[in-house]
Every structure is written in C-alpha cells, then in structure tokens.
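K.L.:
model the structure of this input:
(2 chains)
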Amino acid sequence: MMRRKQLGVIAALCMAGIAWVSAENKIPKTHPVKFEVPKGWPAPVYDFSKNPLTEEGIELGRKLFYDTRLSKDGSFSCGSCHQQFGAFNTYDHNLSHGINNSQTTRNAPGLFNLAWQKEFMWDGGINHLDLQPLAPITAPDEMGENLENVIQKIKSDKEYNKMFKAAFGGDEINTQKLGKALSQFVLQLVSSNSKYDKVMRGEASFILPEQLGYDIFKKKCVSCHSEPMFTDYSYRNIGMKADPFLKDSGRMRITGSSGDSLKFKVPSLRNVALTFPYGHDGRFFSLLNVFDHYRKNMITEGTTDPLLKNKMPLSNFEIGQLTAFLYTLTDSSFIKNPRFGPPGTEYSGKPPVDIHQ
Amino acid sequence: MSRHIYIILLGLLTGLPLIVPAQKAMPLTNRELTIRFHHIAGNSALVFGDTVQTGPGEKITIEKFRYYVSSFSVKDENGKTYRLPAAYYLVDENEPASKTIVMKVPAEKITAIRFLLGVDSIRNVSGIQTGALDPLKGMFWTWNSGYIMAKLEGTCEGLAAAGQRFTYHIGGFRTGMNTLHEIEITIPSPRSVSVGLDINADILKWFSGKQDIRIKETPVCHSPGKLAVAIADNYSQMFSLKEVQQ
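P.N.:
Predicted coordinates:
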C-alpha cells in the first residue's frame, strides 16, 4: 500500500516534470560547452546561468562578430577593430576607425578574459558584457547603425534564422539574443597560455632578465596591474595630460564626479607586446614611451593616482628587465587559435589585410 | 528506497518551475482595470506641432513624448497594497495604443494606484532585455548603460540651435543621479469597484515645479546628472487623476 502510494507520487511528479519539459520544448537540442577557469584564477563574474554556453551559440556569435552587415554601410564588423593577430585590439592604430572615414576618440583595447570583467570601455560606462556590442554598433563614429536595422538585416538572412533557432530556439530574433550570442563567442577568448602562465604552472622557467623583470614588476607595477588578470579593473589617473581635441574626461563622464576626472580603466598587460599603441587615446606608440611617461613626462595634479604622486622612478636597466618580463605575457596560442578567426576560415599564419592602410 | 527518494527529488526539481510562478501570483480575479494616459499641455490636449507656453515663458512645440511606467501596485480600502505582476510599458504619444494599459487587479475597491515612472535599477544592470525594454526601442544609452526613463523633444522659439530643437532624454539610476520616481494616484472615496482610470500627463510640468527649466539655457539633456535629476523632479508631478470609471 505504502509502496503504491509512493509510486503514485512519483508518477505525478514525473508527469509534472514531463509537462514542464514539453512546455519548454521550444529550446532546441544544443551542445553545451563548459567554461574552463584556468587553474588559480578567480571565479568569473559573468553569470553563465543566464546565458548557458553552447556550440550553437558560440558559432552564431562568431558569425556575428565577423559580419560587416552589422554596420550601416556594410564596411565594418566587430572584427575590423578587434583583430586576432593583435590580441583583438586595433593593431598599430592609436584611435580606431569607423564608417565614412570617421575616427573614434579612443584606442580599441584587446579582447580577452572578458568573463572576469564587470564593466567595459575605458570609462567603465557599460555594465554588462551582453550590452557591450550595442555601443560600437550604434556609435556614429564606429559602425553607425541602429539596432532596428541590424535586427531587420539579420531576420532577412536565412542562415541567421537557422542559427538563431539552433542556438536559442523559437522563431524570434531580438537584441537580447544578438547580445547573448556575441557574448558566448567573446567569452571564449581566454588568454591563459603565455610563457608567464607556463612558468606559473611549473611547465617553463624564466630566463634571467625575465625573472629580474618579474621581481621589479612585483615591486613597482603589481598594485594596479595585479595578477593573474594583470589589472585590478580600477579607474585611475596616471597623469596623462588631457588632450585638448579629444576632451575626454574618462570615468567622470559616467559618474559625473569631478573626483573621477581623467581616470581610465587600468588595462590588462596580458599580450601587451601586441596591443600597442598604449593609453586610452593610444598616444604611446611603444613600451618605452610608456616607461618614459611614468618616470619623466607624467603630470601630477588633482586626481593623479596617489601611488604616482612622485612619478615612478625607473632606471634604464629596470626598463630593460621589465620589457623582457612583459614579453612573457604574449599568448601565441591565443592569437593563432583558429576557433577565434572568421567562420569557415582556418588561420593562415599571415595577418589579415589591414583595411585601414 | 533511497532510489525512490532520488526520483522524488528529481521530480520535485523538475516540477518546481511549474509551482513557483503560481506562488508569485497575488489574489487575482478576472477583474480588469484599464488605465488610459491622456497627454496634455496645461489646459489643452497635447498636439504635436502646436505652440504652447512653458511656465518660465518659453514658446515651444512638441515632437516626441514617451516614457516608461512599470512596477504597478494598488492599494485597497483597508490600506493593503498589492504588487501586480512585473510589467514594463513604454507609453508613446506617437503610438495611441500604447496609451492604454489593461491589467488584472484584485477585486477590492482601489483607493490608490502606484507605479514607477521609469525602469527599476535591476533592469538597468541585467544585460539586454526584451519586449518594451528592448534597447532597439531607442530608450537605452548604449555608451553609459541605462534606460532613458522619459523623452521629450520639440522646438523652442528663439532657441539658438539647429532647427531650434531641444531634446530632453532623462535617465540615470545610480545614487545621486537617480531619476526614478514612484507615482501615486489616489482615488478619492471610491464608490465601488473601478474599471477604468483616466490619468493626465502634463508636459508643461517638465519645465516648472521644483526648479524652473529654461530651454534656452539647457536645450540638451543626453546623460544622467544634475540636469536630468532636476527635470525628473519636475516631471514627477506631471500625472493627475482625470476621471474614474466605476
């Protein structure tokens, strides 16, 4: 009797379960992808439960990332300014470009390890990774398109209809799904296999200048460029004189607080050898320019970071060793990973054609 | 035996999403309340292109007027407040249908209705939303994540700007820049169960109240901050009860 009752309860519960599953049957059969957190790294801040990674979602995001139709005149994709061979920065450009020969006011940073980043852009104005692509898509000096047109263009493409359905189910294509797919792709861009990482994992060892550079780094740089992300994601004024034409007040633009004037996000130093030029407006064309800024050229005033009140004394010797260390942060497997290139193309070993030249 | 418990647990877990939404629901009936927003400029109906005068004395015409309303709740005659299921509405003078909202409410006599003028902070920090909150509605700042709670655009006589146009995009949800306002409309001594509420929204309130807003001094508001807060403080007074249908 007891047993029968139990079976009845089980049956009822299973029915409820089945009813629920069939009500949700619009969710297609997808292939889940596990997000691997490199050993010793903190937990990601991105909420994967709201956007579970799937092969279908990632592939869709990849297609969108490299699709120039997301721009107004079909000339720019996300990948135009975020080039894999430059760790997804705009290689060798101080300011990135937009449609109709326009120029932005900032340097396009490399894209990697975005799952650990809470706020985006140099001023941290964007508070969620899914929202990030909407800014360059709609900015008149970037891709210059409006979201309604973007969704229309996607809807009129058969292949996209198939891919959106495969990734998210249902027939609707909306901004949310667009953002989630792009997030799924860019979340894959994990850079954790530089020589530095190998040394930390005990798979390699530094040569002497690298080790000396690392020791200096831990004394002079690490309080802002903290390991393992090589940024503490804070906003700081490092004494870069405001450019009179760009008139960029940085973090203050978002918070409205004068205490945040000229503060910009501390950039990660991973892949730093590839992500030149440096600084929010790309004014430093080489690492040496940056070191010279810290030891000589920077101005100290108002909101300049207290850690830099006396600038940062650096000897030529230290600069040499630091440079050797910073080169160990280049992740060559990351920039050559064919999964991150445009869909359907295998990495050729040669940089893609630079459309800005 | 332990396998049975496992199966029961599994069943419970799978069945859970079915049960949870049911618990969230408040004591609803099939009774519907229709809220109609009437857009006015002072004593007359708002007509796009018609010239009206603001409190501080500027002659203006309106070309765009839209705002979010959300998080509705109603108060019954015993003072008890019922939260209605979460919903967001974009009311747009250009979309007549958007000015009428129908919602299910408890059967009790309603003495007040409350709603947020704007979009709560949670929705401002939770990625891309859908429906009325889809960023493609043009009510979202992509460079400084957050909703534009309300928009008013038009022209102002004598304004030294292209086309004499002014654009007020009001938003901001962070402390110190918050433009969210809870609006309460009281229904004086309701005789019986009300079926419809006609609510006026007066665009002239944007320009006076807590602080006079002179378009010639500040013709553009496109980001959170002091000006947005000042305008929002003013427009939080724009709603008034026009009529109750019982």
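
K.L.:
switch to C-alpha atoms for all contacts and neighbour counts from now on
P.N.:
Fine.

K.L.:
tell me the confidence at B:Lys24?
P.N.:
B:Lys24 is assigned 37 on the pLDDT scale.

K.L.:
name the SS class of A:Gln211, please.
P.N.:
Here A:Gln211 is helix, with the state taken from DSSP: H, G, I helix; E, B strand; the rest coil.

K.L.:
for the spatially most central residue of chain B, give me the backbone phi and psi.
P.N.:
Geometric centre of chain B, nearest residue: B:Val69, 1.9 Å, by Cα atoms, centre = their mean. The phi/psi pair for B:Val69 (degrees, to the nearest 10) reads phi -120, psi 140.

K.L.:
what's near enough to touch B:Gly42?
P.N.:
B:202-204 (Cα atoms under 8 Å, 6 or more residues apart in numbering or on different chains).

K.L.:
narrow the residues you listed to those in helices?
P.N.:
Secondary structure from DSSP state H places none of the contacts of B:Gly42 in helices.

K.L.:
can you list those in TSV and add pLDDT and neighbour count?
P.N.:
Shown next, in TSV, are the contacts of B:Gly42 (pLDDT from 0 to 100; neighbours: other Cα atoms under 10 Å in any protein chain shown):
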residue	pLDDT	neighbour count
B:Asp202	98	21
B:Ile203	98	20
B:Leu204	98	22
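
K.L.:
so where's the chain shaky on pLDDT?
P.N.:
I'll assume chain A. When residues are selected by pLDDT under 70, those of chain A lie in A:1-28, A:345-357.

K.L.:
hmm, no, I was thinking of chain B.
P.N.:
Using pLDDT under 70, chain B drops low at B:1-29, B:191, B:193.

K.L.:
what are the ranges of the helices in it?
P.N.:
Applying DSSP H to chain B gives helices spanning B:2-24, B:121-124, B:226-235.

K.L.:
and A:Ser315, how many neighbours?
P.N.:
11 (other Cα atoms under 10 Å in any protein chain shown).

K.L.:
which residues touch the residue nearest to the centre of chain B?
P.N.:
If a contact means Cα under 8 Å, 6+ apart, then B:Val69 has B:88-91, B:115-119 as its contacts.

K.L.:
try 6 Å
P.N.:
By Cα atoms under 6 Å, 6 or more residues apart in numbering or on different chains, B:Val69 lies in contact with B:89, B:116-118.

K.L.:
can you tell me which of those residues are in strands?
P.N.:
Among those, the residues falling in strands (DSSP state E) are B:89, B:116-117.

K.L.:
can you tell me which of these lies closest to B:Leu136?
P.N.:
Ranked by distance to B:Leu136 (Cα to Cα), the ones in strands among the contacts of B:Val69 are led by B:Tyr89 at 14.5 Å.

K.L.:
of the contacts of B:Val69, which is the most crowded?
P.N.:
The most crowded member of the contacts of B:Val69, judged by other Cα under 10 Å, is B:Gly118 (26 neighbours).

K.L.:
before we move on, back to that, list just the nearest of the ones in strands among the contacts of B:Val69 to chain A.
P.N.:
Of all the ones in strands among the contacts of B:Val69, B:Tyr89 has the smallest distance to chain A: 17.7 Å, by Cα to the nearest Cα.

K.L.:
just list whatever residues bridge to that closest one.
P.N.:
Counting by DSSP bridges, B:Tyr89 forms beta bridges with B:Val69.

K.L.:
hmm, back to that, make a markdown table out of the contacts of B:Gly42 and add distance to chain A.
P.N.:
Formatted as a markdown table, the contacts of B:Gly42 follow (distance: Cα to the nearest Cα, whole Å):
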| residue | distance to chain A |
| --- | --- |
| B:Asp202 | 29 |
| B:Ile203 | 27 |
| B:Leu204 | 27 |
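
K.L.:
take those residues and keep only those in strands.
P.N.:
B:Asp202.

K.L.:
distance to A:Leu131 added to the contacts of B:Gly42, as a markdown table?
P.N.:
As requested, the contacts of B:Gly42 are exported to a markdown table (distance: Cα to Cα, whole Å):
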| residue | distance to A:Leu131 |
| --- | --- |
| B:Asp202 | 33 |
| B:Ile203 | 31 |
| B:Leu204 | 34 |
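
K.L.:
closest to the centroid, which residue in chain A?
P.N.:
A:Leu111 (3.1 Å).

K.L.:
and that one, how far is that from chain B?
P.N.:
A:Leu111 sits at a distance of 18 Å from chain B (criterion: Cα to the nearest Cα, to the nearest Å).
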